[in-house]
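Trainee: I'd like to go over a predicted model; first the sequence, then the structure.
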Amino acid sequence: MKNFGKYIIFISTLFLRRESFKTYFNLSVKECIKIGYESLFIVAIVSIFMGAVTTLQTAFNLVGPLIPDYVISLVVRDMTLLELSPTIIAIVFAGKVGSNIAGELGTMRITEQIDALEVMGINSSSYLVLPKIIASILMYPILVVMSAFLAILGGYIAGTISEVIAGTEYIYGLRYEFNPFNIPFALIKSYVFAFLVASISSFQGYYTEGGALEVGKSSTQAVTKSCIAILIADYVLAQILL
């Protein structure tokens, strides 16, 4: 509870003694490149194989004369939108981006760069952390949309190549009884997960104490706590929104 209270206070300090809009804009653009653009490759690879494996495993387990083939792509569609793309990619996002944020801020703390900003009268938490949170909230939903598309595409490619489902059946299953709310639900989860990963990782890195060894520990704790927060938030959002 002590750390949770410290975390809440840390979030509240982000909006005190703010810098100019131009400063945050420039910093946020740089963070968008680091957080979003540099994560494209790993997200794309994970998404394609995630969709392909889900298709093959679903086809393997849904064997029966009464089960139509299009159910395979229906299951892949709903699993991808509701859980795989928002949540599984969030775990990858925490490992890739969260550890980087914690390591960067932890290094700045132990090398006294953050203290130097405070001496100059700059709110270091707002100057360093707020652009990272803004960039994460802006870029992660885009990554989720891309992930969902690539996962479904990967399922289509795997299904047709392995001949477990015809292309027309796969596309029919994607359209069959589609619930439009699944897309806003996935985006809501992506915004929440993006905030949790960026804020928790920044909190861990910002309050790093010690030396280089502690920076590594902060990065590990940032990923661990972000993953736990993602899973808890996933359950809570499912209870509230579904």
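Mentor: Right, received. Where do you want to start?

Trainee: name the element the residue lying closest to Ala233 once chain neighbours are set aside belongs to?
Mentor: Once flanking residues are discounted, Ala233 sits nearest to Val192: 5.3 Å by C-beta to C-beta, 6 or more residues apart in numbering. Quick note: C-beta positions are derived from backbone N, CA and C, even for glycine. Per DSSP states H and E: Val192 is located in helix 182-206.

Trainee: Check the offset of that helix from the chain's centre.
Mentor: Relative to its chain's centre, helix 182-206 lies at 6 Å (C-alpha atoms, centre = their mean, to the nearest Å).

Trainee: which secondary structure elements does that helix contact?
Mentor: helix 2-13, helix 89-93, helix 99-110, helix 124-162, helix 212-241 (3 or more C-beta pairs under 8 Å, 6 or more residues apart in numbering; DSSP states H and E).

Trainee: Pull out the buried residues from that helix.
Mentor: By neighbour count with 16 or more other C-beta atoms under 10 Å, helix 182-206 contains the buried residues 182, 185-187, 189-206.

Trainee: per-residue confidence for Ser125?
Mentor: Predicted confidence (pLDDT) for Ser125: 87.

Trainee: Quick check, it in contact with Ile11.
Mentor: No. Look at Ser125 against Ile11 with C-beta atoms under 8 Å: they stay out of range, at 9.0 Å.

Trainee: Looking at the two, which is more packed in?
Mentor: Ser125 (24 against 17; other C-beta atoms under 10 Å).

Trainee: Which residue is the nearest non-sequential neighbour of that one?
Mentor: For Ser125, the spatially nearest residue (C-beta to C-beta, 6+ apart) is Thr13, at 4.9 Å.
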